[in-house]
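Colleague: can you look at this prediction? I've put the sequence above it.
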Amino acid sequence: MKNSTYLSIGLLMLVVVWMLSGAMAKVNDPVATEEITSKPVMQVQVLDIKAEMIDREIVVQGELIPNRTIEVRAQTASKVAELPFAKGQRVVAENVIVELDAEDRHAQLKQAEAAVDRFKLEVAGARKLEQRGLQSEKQLKSALASLAAAEADLKRARLELDYIRIKAPFSGILEQRYVELGSHLEKGDKVALILDESVLKAVGLVSQQAAGKLAMGQLIKVRLLDGQEAEGHITYISQLGDSETHSFRVEAEIDNQHGRINAGVSAELRIVIGKEQAHFISPAVLALNDSGTVGIKSVDQAGLTAFYPIEFVRTEADGIWVSGLPESVRIISQGQGFVNAGETVIPVPAS
């Protein structure tokens with residue numbers, strides 16, 4: 001019985017030694033070790049891009065307003081007799097846009113003209129009598145005063161006739177008409193709104209950080225919501241910032257002789273402040289490093305990955321322009337989220 005027990009213990013020890021020797025052999029085997037510790041090489045899609053020289057821009061949201069607008073007002077009182085132009089029509093400077101009833105103004109003009117003629121004769125006669133010593137200087141001065149008053153009345157009568165023909169002060173669009181036929185106007189009443197849309201002003205507000213980079217005459221590119229584009233140059237930069245937003249007003253003139261752009265619309269204003277080399281990429285290729293910095297991952301000829309922090313230069317509808325990359329670089333366009341800088345990958349050209 002004792003001998004069989006010793007035999008069982010001996011066999012168990014032999015089995016344990018055999019198992020341990022197999023495990024140690026497997027650890028010492030270099031092929032097995034490589035299988036345990038090696039990581040599969042990742043395949044990533046790559047894209048070769050090159051830098052281009054582009055405009056460095058400050059982008060702000062703004063609007064387009066007419067270069068000039070004016071509310072035309074009546075300068076005399078009367079009833080509206082004629083309306084030669086309809087609302088929305090184009091008018092030329094000095095076109096009559098509203099004509100008032102003359103009433104008795106023509107008679108008043110003739111009366112004033114006659115009075116001037118009469119007092120001119122009186123002054124001439126007074127001078128002759130004064131030269132002969134038959135009339136005093138005081139009587140001549142009285143005649144001259146009467147003539148001056150008559151001439152003032154004549155001027156006023158002519159102005160009254162001129163005021164009944166209300167004219168456009170400049171060429172533009174009759175945007176609003178506040179009167180109708182038969183309307184009675186008093187002096188100072190609004191008649192019409194005329195806007196000059198041949199030149200538009202692009203108006204926007206820039207931050208105080210960007211205001212120092214602006215200069216008179218700088219190019220402004222305007223993009224409307226409907227896709228229309230136009231260009232102009234800065235004509236005004238405010239020297240006083242807004243007390244609440246600390247932003248500065250900037251204006252640029254946009255030629256609109258053909259009237260293809262409407263006033264009063266929202267617009268994106270791109271103010272060109274210089275030139276810069278940048279790469280055009282899709283936002284989908286952006287990545288973050290361990291510290292949360294935005295950048296792009298690249299691959300060199302040996303398949304080694306690298307991370308480049310980037311700065312945004314400007315945005316487009318189909319991508320973004322960034323700086324901070326080498327002039328020519330192979331970037332990871334797909335799979336960048338699964339590899340880290342310093343790792344080796346298998347680059348596959350993007351389809």
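Modeller: Cool, the structure landed.
Colleague: hey, let's count contacts and neighbours off CA atoms from now on
Modeller: OK.
Colleague: and the helices in the stretch 1-150 of the chain?
Modeller: Chain-ordered helices for the stretch 1-150 of the chain, with DSSP state H, counting those that start in this stretch as the definition, fall at 2-28, 30-37, 105-132, 137-163.
Colleague: least reliable of those going by mean pLDDT?
Modeller: Mean pLDDT is lowest for helix 30-37 among the helices of the stretch 1-150 of the chain, at a mean of 46.
Colleague: pretty sure residue 198 sits against residue 257.
Modeller: Yes: Residue 198 is in contact with residue 257 according to Cα atoms under 8 Å; the separation is 4.5 Å.
Colleague: do a quick rundown of the strands in the stretch 151-300 of the chain.
Modeller: Using DSSP state E, counting those that start in this stretch, the strands of the stretch 151-300 of the chain run over 165-167, 172-177, 184-185, 190-206, 219-224, 229-237, 248-255, 266-281, 287-288, 294-299.
Colleague: could those strands go into JSON lines alongside distance to residue 61 and mean pLDDT?
Modeller: Output for those, formatted as JSON lines (distance: least, Cα to Cα, whole Å; pLDDT from 0 to 100):
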{"stretch": "strand 165-167", "distance to residue 61": "37", "mean pLDDT": "96"}
{"stretch": "strand 172-177", "distance to residue 61": "26", "mean pLDDT": "94"}
{"stretch": "strand 184-185", "distance to residue 61": "42", "mean pLDDT": "95"}
{"stretch": "strand 190-206", "distance to residue 61": "6", "mean pLDDT": "94"}
{"stretch": "strand 219-224", "distance to residue 61": "10", "mean pLDDT": "93"}
{"stretch": "strand 229-237", "distance to residue 61": "14", "mean pLDDT": "94"}
{"stretch": "strand 248-255", "distance to residue 61": "11", "mean pLDDT": "95"}
{"stretch": "strand 266-281", "distance to residue 61": "5", "mean pLDDT": "92"}
{"stretch": "strand 287-288", "distance to residue 61": "28", "mean pLDDT": "92"}
{"stretch": "strand 294-299", "distance to residue 61": "25", "mean pLDDT": "95"}
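Colleague: any idea how far the nearest residue to residue 63 once chain neighbours are set aside lies from residue 234?
Modeller: Closest residue to residue 63 apart from its sequence neighbours, by Cα to Cα, 6 or more residues apart in numbering: residue 266 at 4.3 Å. Using Cα to Cα, to the nearest Å, we find residue 266 at a distance of 18 Å from residue 234.
Colleague: cool, residue 167 as well?
Modeller: Residue 167 is 32 Å from residue 234, where distance means Cα to Cα.
Colleague: please identify the buried residues of stretch 315-324?
Modeller: Within stretch 315-324, the residues scored as buried using 16 or more other Cα atoms under 10 Å are 320-323.
Colleague: alpha carbons of whichever strand in the chain runs longest, as PDB, please.
Modeller: Longest strand in the chain by number of residues (criterion: DSSP state E): strand 52-73. The C-alpha coordinates for strand 52-73 follow below in PDB (Å, rounded to 0.1, in the frame of the first residue of the first chain):
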ATOM      1  CA  GLU A  52      -1.800  76.800 -52.600                       C
ATOM      2  CA  MET A  53      -1.500  80.500 -52.300                       C
ATOM      3  CA  ILE A  54      -4.900  81.900 -51.200                       C
ATOM      4  CA  ASP A  55      -6.300  85.200 -49.800                       C
ATOM      5  CA  ARG A  56      -6.100  85.600 -46.000                       C
ATOM      6  CA  GLU A  57      -9.600  86.800 -45.100                       C
ATOM      7  CA  ILE A  58     -11.600  88.200 -42.200                       C
ATOM      8  CA  VAL A  59     -15.200  86.900 -42.600                       C
ATOM      9  CA  VAL A  60     -18.200  88.700 -41.100                       C
ATOM     10  CA  GLN A  61     -21.900  88.700 -41.600                       C
ATOM     11  CA  GLY A  62     -23.400  91.900 -42.900                       C
ATOM     12  CA  GLU A  63     -26.000  93.300 -45.300                       C
ATOM     13  CA  LEU A  64     -26.300  95.400 -48.500                       C
ATOM     14  CA  ILE A  65     -28.000  98.800 -48.200                       C
ATOM     15  CA  PRO A  66     -28.600 101.500 -50.900                       C
ATOM     16  CA  ASN A  67     -25.900 104.000 -51.300                       C
ATOM     17  CA  ARG A  68     -28.500 106.800 -51.000                       C
ATOM     18  CA  THR A  69     -32.100 107.000 -49.900                       C
ATOM     19  CA  ILE A  70     -34.300 110.100 -49.500                       C
ATOM     20  CA  GLU A  71     -37.800 110.800 -48.400                       C
ATOM     21  CA  VAL A  72     -39.100 113.500 -50.800                       C
ATOM     22  CA  ARG A  73     -41.400 116.000 -49.100                       C
END
